[in-house]
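Student: Turn this into a structure:
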Amino acid sequence: MPGAEETTDQPVSEERLIQARLDKLERLRGRGIDPYPARFKPTSDSAAARATLDSAEADQGQGAKSETLVLAGRMMARRGMGKAAFIDLKDASGTIQLHLRKDVLGDDYALLDDLDLGDIIGAKGPVFRTRRGEPSIEVHSLTVLTKAIRPLPDKWAGLTDIEKRFRQRYLDLISNDRSMEIAKMRADMVASMRRFMHDRGFIEVETPMLVTVPAGASARPFGTHHNALDRDLYLRIATELHLKKLIVGGFDKVCEIGRIFRNEGFDLDHNPEFTTIESYEAYADYNDVMEMVEQMVSSIAQDVTGSIIVPPAEEDGEPIDLTPPWPRLDLREEVKKRSGIDFVELDDVESLSAAMRERGIHVEPGANWGRLLDKVISDHVEPHLMQPAFLVDYPVEMSPLAKRKPGMDGIVERFEGFVGGHELCNAFTELNDPIDQRQRFEDQERLRREHDDDEMDRLDEDFLVAVEHGMPPTGGLGLGVDRLAMLISGERSIREVILYPQLRD
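Tutor: Numbering: from 1, shown residues only. Model prediction:
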């Protein structure tokens, strides 16, 4: 068909393809057609059109046609020449075939000469079923809504360049149905999460993104300078401390779904900006939070996918069963079983480092004891936690904001949830003893100086003052929304579930 530059057998430079489209744009304008009209009101989409046909056939039988519908979308493929043509029209709900005939459209049929793949068009007509059984719109009128100047990626190869997929996410969404499916699934997942928390009585709040002290986690912050105030500020690395101040203020249940920023590298599991849900519940402990997590994750999976059995990220992996309850595994016992290291006995940097070297575990120069143990857990324990499980009861050195466990010296009531070999969440029975909390923050500041480690948690005086006014016993949670999206979608890379991941230049 004339004008279909994407169907040529010979490679053509992008500059020539663009120029050909510009020429068609001018031809449309020369015929008095506005290629970028301000208004067009669809009455249906592709999915609804298919449902309308099913309803018409149920009422009228085979050969039925629906009432007249108006659809709009992007032209993704075109077939046929002469007096009849077919176009695949893609909208937000899917794709439907348009059937265009010269004897129906009259002079408007000539519009096809100046259309290209990627153009956005509107079509009006009833939906019917072709002899091949394909639901199609019998087009009675055709409208140019947007003339695309640049061609889409090759229609057969699709958008296969990984970096280009993420840099030009709009092309990825146009070309890859899977990418659109994941984006919609994530939105459904967050909506389900909000419903779950609301139903349990949590109030969703918003806390500052720009903070004076980047505390509440062990992470390196992004810094900036506020000109009017003439002071340095930081992008938050957690929402924890501000949320706990609301518990002090009288809220019993608060949560926030929001963006977190950490000045770190990126890999399959990490992006410098990511989304978490943090929640805090007065008069709850980490056992209550564990029950909430397993119920929340399984109910979200059921809402979004229709099942609490999710596919594995690896082709040879096993499906993941999210059915509660999840096992509670003692951290000390798991570390001993998987690595042979007893961190209670090896309670200093030198002895733990030596044990790690004996087992071929990398020892980061200058790392403190807690960071070394975290490396042991990451290397030897996490990869074995494919089915959902909670690791419970961590050393106090790794958990400056968690409450001590009664009867267990040096251990705090903390758990981390793991699924598919990756950390999903982190939670505590929150420390509400202001004297103990101040001492731990001071210890963190000392370690940060001694080890020159700007990822250590920081002392936030305003938070300490708040706790000194009295914070009730509280259970707190931080859960990675992106990690949950990876789990439910079966994707291995965090970049697949974030619409705009951070990329190298």
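Student: List the buried residues for the strand or helix carrying residue 184?
Tutor: Taking DSSP states H and E as the criterion, residue 184 maps to helix 177-199. Within helix 177-199, the residues scored as buried using 16 or more other CB atoms under 10 Å are 179-180, 182-183, 185-186, 189-190, 192-193, 196-197. In this view, the C-beta of every residue, glycine as well, is placed from N, C-alpha and C.
Student: can you map out the helices along the chain?
Tutor: Applying DSSP state H to the chain gives helices spanning 14-30, 46-60, 102-105, 162-167, 169-175, 177-199, 240-249, 286-305, 331-339, 349-358, 369-376, 434-450, 461-468, 481-489.
Student: what sits up against the fifth one?
Tutor: Outside of helix 169-175, the residues within contact range by CB atoms under 8 Å, 6 or more residues apart in numbering are 74, 90, 118, 152-153, 158-159, 164-166, 179-180, 183, 499-500.
Student: one more time with 7 Å
Tutor: Residues outside helix 169-175 that contact it (CB atoms under 7 Å, 6 or more residues apart in numbering): 74, 152-153, 158-159, 165, 179-180, 183, 499-500.
Student: Kindly report the same for the last one.
Tutor: If you take CB under 7 Å, 6+ apart as the criterion, helix 481-489 is touched by 182, 185-186, 189-190, 257, 274-277, 297, 301, 304-305, 310, 419-420, 422, 424, 494, 497-498.
Student: Any of those residues buried? List them.
Tutor: In the contacts of helix 481-489, the ones that pass as buried (16+ other CB under 10 Å) are 182, 185-186, 189-190, 257, 274-277, 297, 301, 304-305, 310, 419-420, 422, 424, 494, 497-498.
Student: just to revisit the earlier point, now render the helices of the chain as TSV, adding distance to residue 136.
Tutor: Shown next, in TSV, are the helices of the chain (distance: least, CB to CB, whole Å):
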stretch	distance to residue 136
helix 14-30	25
helix 46-60	9
helix 102-105	13
helix 162-167	31
helix 169-175	22
helix 177-199	20
helix 240-249	53
helix 286-305	31
helix 331-339	59
helix 349-358	65
helix 369-376	58
helix 434-450	66
helix 461-468	63
helix 481-489	32
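Student: Any idea which of those helices has the lowest pLDDT on average?
Tutor: Mean pLDDT values for these show the minimum at helix 162-167, a mean of 82.
Student: Which positions within that helix qualify as buried?
Tutor: Buried, per 16+ other CB under 10 Å, within helix 162-167: 165-166.
Student: who's in contact with residue 364?
Tutor: Per CB under 7 Å, 6+ apart, neighbours of residue 364: 371, 375.
Student: gap between residue 483 and residue 193?
Tutor: Counting by CB to CB, to the nearest Å, the separation of residue 483 from residue 193 is 13 Å.
Student: repeat for residue 284
Tutor: Noted for residue 284: a distance of 18 Å to residue 193, by CB to CB.
Student: got it, and residue 139?
Tutor: 42 Å.
Student: follow-up on the earlier one: for the helix holding residue 184, which helices and strands make contact with it?
Tutor: In terms of contacts (3 or more CB pairs under 7 Å, 6 or more residues apart in numbering; DSSP states H and E), helix 177-199 is packed against helix 169-175, strand 253-261, helix 286-305, helix 481-489.
Student: deepest of the ones you listed, which one?
Tutor: Stretch with highest mean neighbour count among those: helix 481-489 (a mean of 24; mean count of other CB atoms under 10 Å).
Student: Report the distance from that helix to the chain centre.
Tutor: 6 Å (CA atoms, centre = their mean, to the nearest Å).
Student: Please identify the one among the helices and strands packed on helix 177-199 that comes closest to residue 65.
Tutor: Residue 65 sits nearest to helix 169-175 of all the helices and strands packed on helix 177-199, at 30.1 Å, using CB to CB.
Student: then the closest one to PDB, C-alphas only?
Tutor: Output of helix 169-175 as PDB, limited to C-alpha atoms (Å, rounded to 0.1, in the frame of the first residue of the first chain):
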ATOM      1  CA  ARG A 169       9.900   3.600  28.300                       C
ATOM      2  CA  TYR A 170       7.100   5.000  26.100                       C
ATOM      3  CA  LEU A 171       8.400   2.900  23.200                       C
ATOM      4  CA  ASP A 172       8.700  -0.100  25.400                       C
ATOM      5  CA  LEU A 173       5.100   0.300  26.500                       C
ATOM      6  CA  ILE A 174       3.900   0.700  22.900                       C
ATOM      7  CA  SER A 175       6.000  -2.200  21.600                       C
END
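Student: could we number from 36 for the rest of this?
Tutor: OK, 36 is where the count begins now, so the last one is helix 204-210.
Student: Return the residues in contact with the residue lying farthest from the centre of the chain.
Tutor: For the chain, the residue at maximal distance from the C-alpha centroid (CA atoms, centre = their mean) is residue 138, at 48.6 Å. With contacts defined as CB under 7 Å, 6+ apart, the neighbours of residue 138 are residue 118.
Student: for the one 5 residues further on, same thing?
Tutor: Residue 143 makes contacts with 176-177, as judged by CB under 7 Å, 6+ apart.
Student: Please apply the same query to residue 359.
Tutor: Contacts of residue 359 (CB under 7 Å, 6+ apart): 329-330, 333.
Student: want to throw the residues you listed into TSV with distance to residue 85?
Tutor: Below are the contacts of residue 359 laid out as TSV (distance: CB to CB, whole Å):
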residue	distance to residue 85
329	38
330	36
333	32
